[in-house]
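# Structure for the following, please:
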Amino acid sequence: MELLANKLRPQKLEEVIGQKHLIGKGKILSNLVKNKKIFSLILYGKPGIGKTSIANAIVKELNVPHRFLNATINNKQDFDIVIEEAKMYGSMIVIIDEIHRMNKDKQDILLPHLESGLIILIGLTTSNPYHKINPAIRSRVQIYELHELEKEDIIEGLKKACEKLDSIIIDEESLNFIAASSSGDFRSALNLLEVAYYSSDNQTINLELLKSILSKPVFFHDKNEDGHYDVLSAFQKSIRGSDVDAALHYLARLIEAGDLDSIYRRMSVIAYEDIGLANPSIGPKVMAAIHAAELVGLPEARIPLGTIVTEMALSPKSNSAHLALDEALNDIRKGSTGNVPNHIKTNSQTYLYPHNYPNSYVKQEYLPKELKGKKYYHMKPNKYETNLNNLWKEMRGEK
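Model (predicted):
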């Protein structure tokens, strides 16, 4: 009764679908395996895009001692046992799924052995490691983000899977439907293929059968089969354009498809990219709504999400802050930096401490002399930024 997804687990990196930025001729992971050398690393990305498959392929190709652990299921004793095994071998690759959930006790066990090289870690997570992984772990690993799979990648993988299913009959339309309905999750696509295969007459899979199995409507495809990104784009642009009805329409499509992670990420960006200083309280409000949605789950999650998206669409908009930073980053990348002025360097004796002066302000130069007078921030004429600007002028003693 082994699942098809497990039967097809790649034994070599070249068998992994997608992730061409990491796998292939001249790519980082392929070169490491080719050179028979692997370092501790973390792979992160959405479910079903190849994290476990890549880890499995690496240890199979290198043919080295390894163990799989899960940060939530395996206890402290399991970690101790693996470390003792590693001492017997001299070194061992330890693959830890859901590594973002690894508690402090397990981290304390692991850290010294990562440092010594006894344990080579391959961590797997759906969460952004820069937010969720302990800095002590992060500093000892290389971090690689896996990209969402393209429709063509999933179809390629499905065709390989069909070779493992005896006498299967399936047309291109059905393969396209499975790929579109998976939202980039190859494991989900394989599971649908397998269910359809075993619930069909004479192993024949067609569109009618697939729709009867898939109870959830498929909104992430259109005539060009690229609608997943179009819906997310329309969601953001509707909020940016202050069209509350359109924003709620696209939110409803995303909710109906169960794609909460994409909603959370996109709302978090919109709060700072499109609303920004026009309504600075929106960022914490978005985080609170996401937390509430996660706490209650669907279907109730729609309530905080609908409330916050309505407010976001109706809110005044400003992109002044992130445009200012982008301009500063552009200067840095062009080499326009200069030295930090002496009077604001560490332990400077000539630094003027603003809090010792009226309005906590004293005139002194903070930018490098090469950038003196440079203006990055340009105010947008909304209520909050106008008030900020007036307070700033008042602090400086200007009218």
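
# ok, which stretches of the stretch 251-399 of the chain are helices?
260-270, 282-296, 302-314, 320-333, 383-395 (DSSP state H, counting those that start in this stretch).

# Surely Gln19 forms part of a helix?
No: counting by DSSP: H, G, I helix; E, B strand; the rest coil, Gln19 falls outside a helix, being coil.

# Could I get the pLDDT score of it?
Note on Gln19: pLDDT of 92.

# for it, phi and psi?
Main-chain dihedrals, Gln19, degrees, to the nearest 10: phi 50, psi 40.

# In JSON lines, list the helices of the stretch 251-399 of the chain along with mean pLDDT and distance to Asn202.
Quick note: C-beta positions are derived from backbone N, CA and C, even for glycine. Shown next, in JSON lines, are the helices of the stretch 251-399 of the chain (pLDDT from 0 to 100; distance: least, Cβ to Cβ, whole Å):
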{"stretch": "helix 260-270", "mean pLDDT": "92", "distance to Asn202": "38"}
{"stretch": "helix 282-296", "mean pLDDT": "95", "distance to Asn202": "44"}
{"stretch": "helix 302-314", "mean pLDDT": "96", "distance to Asn202": "41"}
{"stretch": "helix 320-333", "mean pLDDT": "91", "distance to Asn202": "57"}
{"stretch": "helix 383-395", "mean pLDDT": "88", "distance to Asn202": "66"}
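
# need those helices in a markdown table with mean neighbour count and distance to Gly48, can you?
As requested, the helices of the stretch 251-399 of the chain are exported to a markdown table (neighbours: other Cβ atoms under 10 Å; distance: least, Cβ to Cβ, whole Å):
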| stretch | mean neighbour count | distance to Gly48 |
| --- | --- | --- |
| helix 260-270 | 18 | 12 |
| helix 282-296 | 16 | 20 |
| helix 302-314 | 19 | 23 |
| helix 320-333 | 14 | 32 |
| helix 383-395 | 13 | 42 |
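
# Out of those helices, which is closest to His355?
For His355, the closest of those is helix 383-395, at 12.2 Å, according to Cβ to Cβ.

# and the angle from the closest one to helix 320-333?
70 degrees (axes from the mean of the first three to the mean of the last three Cα atoms, to 10 degrees).

# what does helix 383-395 contact?
The contact list for helix 383-395 (Cβ atoms under 8 Å, 6 or more residues apart in numbering) reads 277-280, 316, 318, 320, 359-361, 379, 399.

# Now, of those, which are buried?
Buried members of the contacts of helix 383-395, counted by 16 or more other Cβ atoms under 10 Å: 277-280, 316, 318, 320.

# before we move on, back to that, okay if I get the helices of the stretch 251-399 of the chain as JSON lines plus distance to Glu152?
Formatted as JSON lines, the helices of the stretch 251-399 of the chain follow (distance: least, Cβ to Cβ, whole Å):
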{"stretch": "helix 260-270", "distance to Glu152": "20"}
{"stretch": "helix 282-296", "distance to Glu152": "32"}
{"stretch": "helix 302-314", "distance to Glu152": "32"}
{"stretch": "helix 320-333", "distance to Glu152": "33"}
{"stretch": "helix 383-395", "distance to Glu152": "45"}
